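Chemist: return a 3D structure for these sequence lines:
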Amino acid sequence: MEPSTHLQQIGFGGGCYWCTEAVFQTLRGVQAVKQGFIASDGDNQSLSEAVVVEFAPDVISLHDLVEVHLHTHSSTSSHQLRDRYRSAIYVFNRQQEEAALAALRVLQQDFDQPIITRVLPFVRFKASEERYQDYFLNNPDRPFCQTYISPKVRKLRARFARLVLE
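Modeler: This next block holds a predicted model:
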């Protein structure tokens, strides 16, 4: 049975968008990752570093994407840079909101501390500069990539081998 071509989008924020982009680019079923800044509504109207992930839900589930996200950034840590690095799942519709909230409830058992990641409506996206796009893919040997991104990708490959591209 061939996978469908029906794709969905969802946003994730939590840490540096270079790191988040690299994590999601490593997954099967992810067709594209747009790196930049996302704004929501209310108290979350400011732009915060994030990515928009385009994925095939018949290849990788929203639950799996949320699980990967929670385990590859500080999803239980509230720190002074949370405005710039808001820990969030940006949903495009009510169905995604319900699925993301359900995933957070189930996945809380993986963590000793409360998950601070919030489910927020996607309102606006602003792409980062072209020179920063595909940062890890284009610059794997740079010090930032070696220090921060490579360890996340190694952790991803070890913990989520079934979801990682070969």
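
Chemist: residue contacts, Q96?
Modeler: 8, 10, 62 (CB atoms under 8 Å, 6 or more residues apart in numbering). Glycine gets a C-beta too; all of them are placed from N, C-alpha and C.

Chemist: residues in contact with the last one?
Modeler: This points to L62. Residues near L62 by CB under 8 Å, 6+ apart: 8, 10, 96, 99-100, 103.

Chemist: go with 6 Å
Modeler: A99 (CB atoms under 6 Å, 6 or more residues apart in numbering).

Chemist: tell me the spacing between it and Y132.
Modeler: From L62 over to Y132 the distance is 26 Å, taken as CB to CB, to the nearest Å.

Chemist: same question for the first one.
Modeler: If you measure Q8 against Y132 using CB to CB, the figure is 25 Å.

Chemist: what number of residues lie near F92?
Modeler: F92 has 14 neighbours, counted by other CB atoms under 10 Å.

Chemist: what about it, distance to W18?
Modeler: 23 Å.

Chemist: before we move on, what about V119?
Modeler: Counting by CB to CB, the gap from V119 to W18 is 24 Å.

Chemist: ok, F24 next?
Modeler: For F24, the distance to W18 equals 12 Å [CB to CB].

Chemist: which one of the contacts of Q96 is nearest S150?
Modeler: Closest approach between the contacts of Q96 and S150, by CB to CB: I10, at 24.9 Å.

Chemist: can you name every helix or strand that the helix or strand containing the closest one contacts?
Modeler: Secondary structure from DSSP states H and E places I10 in strand 8-13. Applying 3 or more CB pairs under 6 Å, 6 or more residues apart in numbering; DSSP states H and E, one finds that strand 8-13 makes contact with strand 48-55.

Chemist: could I get the strand it packs on in CSV with only the CA atoms?
Modeler: Extracted in CSV, the C-alpha atoms of strand 48-55 (Å, rounded to 0.1, in the frame of the first residue of the first chain):
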residue,chain,number,x,y,z
SER,A,48,9.6,33.1,18.9
GLU,A,49,12.2,30.8,17.2
ALA,A,50,10.4,27.7,15.8
VAL,A,51,9.9,25.5,12.8
VAL,A,52,6.9,24.5,10.7
VAL,A,53,7.0,20.8,9.9
GLU,A,54,5.2,19.4,6.8
PHE,A,55,4.6,15.7,7.4
